[in-house]
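Enquirer: pasting the structure only:
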């Protein structure tokens with residue numbers, strides 16, 4: 001998540017520092033956390049610069065893991081962060097729920113199910129495995145985005161599709177959205193969650209969106225796994241699947 005936020009600014013993530021607060025330094029648990037961090041660092045192309053573990057049984061129940069990411073960019077190379085009216089929007093697929101909305105997701109799916117139950121829409125996986133698919137890391141998009149003159153980018157995290165408003169006070173018209181993975185249908189069905197709440201909470205199949213000129217957008221989409229999903233207009237909303245979010 002740290003790396004993706006830097007990519008959304010046009011910054012190349014290079015280093016990471018972690019902080020682990022834990023009530024009991026269990027070797028099995030800390031090894032698993034370390035292995036997970038190592039995989040994430042490799043996928044993001046990051047170096048672990050250091051870290052700290054604090055044993056705090058009077059403060060923490062279980063463990064709390066935090067991280068900080070540092071990146072580099074030429075001063076003139078970062079995205080200016082402002083989408084222009086007439087820009088096209090290119091969306092890049094997520095691989096599931098990522099790391100946001102899990103409080104709502106847990107509440108929805110545990111009403112009638114356990115985490116180790118078979119996931120009905122993808123029977124070869126459990127519900128827990130589907131919820132815990134690792135967040136896709138988008139560092140591989142930085143170079144092609146810079147090459148094609150991206151004006152602004154949004155990492156679709158907490159706040160769901162309203163994150164696009166971070167690219168400026170515009171109207172973001174999503175008329176050809178990427179499909180949402182089955183986990184979102186399952187959460188909505190089991191929790192009785194409205195369409196609007198789903199799109200304000202979850203990425204709904206799209207983890208990263210960029211705004212850039214139309215011709216460049218088509219080229220960027222052709223060179224990556226992205227797709228032109230809409231355009232930028234006057235206004236201050238995100239219009240998607242019959243909803244108008246602000």
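Expert: Cool, got the structure. Given the structure is predicted, the values throughout are model-derived calculations rather than measurements.

Enquirer: Longest helix in the protein, by number of residues?
Expert: Across the chain, the longest stretch assigned as helix under DSSP state H is helix 27-44.

Enquirer: residues of it that come out buried?
Expert: Within helix 27-44, the residues scored as buried using 16 or more other Cβ atoms under 10 Å are 33, 37, 40, 41, 44. Heads up, the C-betas are built off the backbone N, CA and C, glycines and all.

Enquirer: Can you lay out the residues you listed as JSON lines showing distance to residue 1 and pLDDT?
Expert: JSON lines is the format used below for those (distance: Cβ to Cβ, whole Å; pLDDT from 0 to 100):
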{"residue": "33", "distance to residue 1": "15", "pLDDT": "94"}
{"residue": "37", "distance to residue 1": "13", "pLDDT": "95"}
{"residue": "40", "distance to residue 1": "10", "pLDDT": "95"}
{"residue": "41", "distance to residue 1": "13", "pLDDT": "96"}
{"residue": "44", "distance to residue 1": "10", "pLDDT": "95"}
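
Enquirer: what's the span of stretch 107-120, first residue to last?
Expert: End-to-end distance for stretch 107-120: 17 Å, by Cα to Cα, to the nearest Å.

Enquirer: quick one: contacts of that stretch?
Expert: 125-131, 182-183, 186-188, 190-193 (Cβ atoms under 8 Å, 6 or more residues apart in numbering).

Enquirer: thought residue 14 was touching residue 47?
Expert: Yes - between residue 14 and residue 47 there is a contact at 6.6 Å, judged by Cβ atoms under 8 Å.

Enquirer: Between those two, which has more neighbouring residues?
Expert: residue 14 (16 against 11; other Cβ atoms under 10 Å).

Enquirer: Assign the more buried one to helix, strand or coil.
Expert: What DSSP: H, G, I helix; E, B strand; the rest coil gives for residue 14 is strand.

Enquirer: One more: residue 146?
Expert: Of the three states, residue 146 takes helix according to three-state DSSP.

Enquirer: Next, count neighbours for it.
Expert: 16.

Enquirer: which ones are touching it?
Expert: Neighbours of residue 146 in contact, by Cβ under 8 Å, 6+ apart: 10, 77.

Enquirer: can you tell me which of the contacts of stretch 107-120 lies nearest to residue 96?
Expert: residue 183 (5.5 Å; Cβ to Cβ).
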